[in-house]
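# sharing a sequence plus its predicted fold:
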Amino acid sequence: MKKRKFAIAGLSSLLIFGSVATMTACGPSKEMPVEVVTLEKIELDTTNAKTQYYEGDSFDRTGLLVKAFFSDGGESFVGNYSASPEGPFTLTDTKVTISYTFEEVTKTADLAITVAKVEESGIRCAGKGSGSRVQPIKTAYKVGETFDKSTMTVYLQYNNGKEQTVTDYTISPAGALALTDTKITVTYKTWTAEVKITVTEA
């Protein structure tokens, strides 16, 4: 148990050893029992906590409130807690164990979570570049021209909000465009997307 010093009027010091205090003054030493505050439990406020994850995600502390309760009736929110596992999560993970230690006493509480499988959700067509430098897809053509794939980027999308560039897609029509063509159909695996175009006389 750690020693603590307290200033007391008329006494030079107060040393706490376990639950017994020794007071030193000009006169003889005197012992008196004192209360040693210990950690009783912790509770989680999950109102704004993130509990739904995708495989590969890591634990997000944002919104989770951890409150510690002490033997003297005191309580306070704490931030220096640990979490296990912190990630990356797998499909078998169903909880995160929160631990908090005070004066060598550790208490835990479990946060229930769900972990979903990452799956493809579709494709997206966009112009070349990123941010404010994105160049639009070329959509205006003359009869006989072919669709310019070099102006387009195709992204494979996932249900966790992430995406990646793909290049082995196909387009239809792939040949010379006619006046009746109003769109280009982009296909990747089982996913399709459309790019609207206009075709005018040469």
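Received it, and whenever you're ready, just let me know what you need. These figures come from a predicted structure and were not determined experimentally.
# find the residue at the geometric middle of the protein.
D60 (3.7 Å; C-alpha atoms, centre = their mean).
# any idea how far D148 is from that residue?
42 Å (C-beta to C-beta, to the nearest Å). Backbone N, C-alpha and C define where each C-beta goes, glycine included.
# how is this structure divided into domains?
The chain resolves into domains spanning 1-36, 39-116, 120-200 when parsed by automatic domain parsing.
# mean pLDDT for these - can I get that in TSV?
Compiled in TSV, these are given as follows (pLDDT from 0 to 100):
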stretch	mean pLDDT
domain 1-36	49
domain 39-116	97
domain 120-200	96
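# roughly how far apart are the residue nearest to the centre of the chain and N48?
11 Å.
# over to A109?
16 Å.
# of those two, which one has the most company?
A109 (18 against 9; other C-beta atoms under 10 Å).
# find the nearest non-adjacent residue to the residue nearest to the centre of the chain, please.
Distance criterion C-beta to C-beta, 6 or more residues apart in numbering; nearest residue to D60, sequence neighbours excluded, is K50 at 4.5 Å.
# how about the one you found, what does it touch?
60, 62-64 (C-beta atoms under 8 Å, 6 or more residues apart in numbering).
# and it, backbone torsions?
When quoted as degrees, to the nearest 10, the phi and psi of K50 stand at phi -80, psi 120.
# repeat that for S150.
Residue torsions, per degrees, to the nearest 10, at S150 are phi -70, psi -10.
# neighbours of it, how many?
Neighbour tally, S150, other C-beta under 10 Å: 9.
# where does the nearest residue to it once chain neighbours are set aside fall, phi/psi-wise?
Among residues not flanking S150 along the chain, K128 sits closest, at 7.7 Å (C-beta to C-beta, 6+ apart). Backbone torsions for K128, taken as degrees, to the nearest 10, come to phi -80, psi 150.
# thinking K128 is in contact with Q135, fair?
Yes: between K128 and Q135 there is a contact under C-beta atoms under 8 Å: 4.9 Å.
# list residues touching both of the two?
T151.
# pretty sure V66 contacts F77?
Yes: using C-beta under 8 Å, V66 makes contact with F77 at a distance of 6.6 Å.
# what's the neighbour count on K162?
Neighbours of K162 (other C-beta under 10 Å): 12.
# same deal with Q157?
16.
# doesn't it belong to a strand?
Yes: per DSSP: H, G, I helix; E, B strand; the rest coil, Q157 lies within a strand segment.
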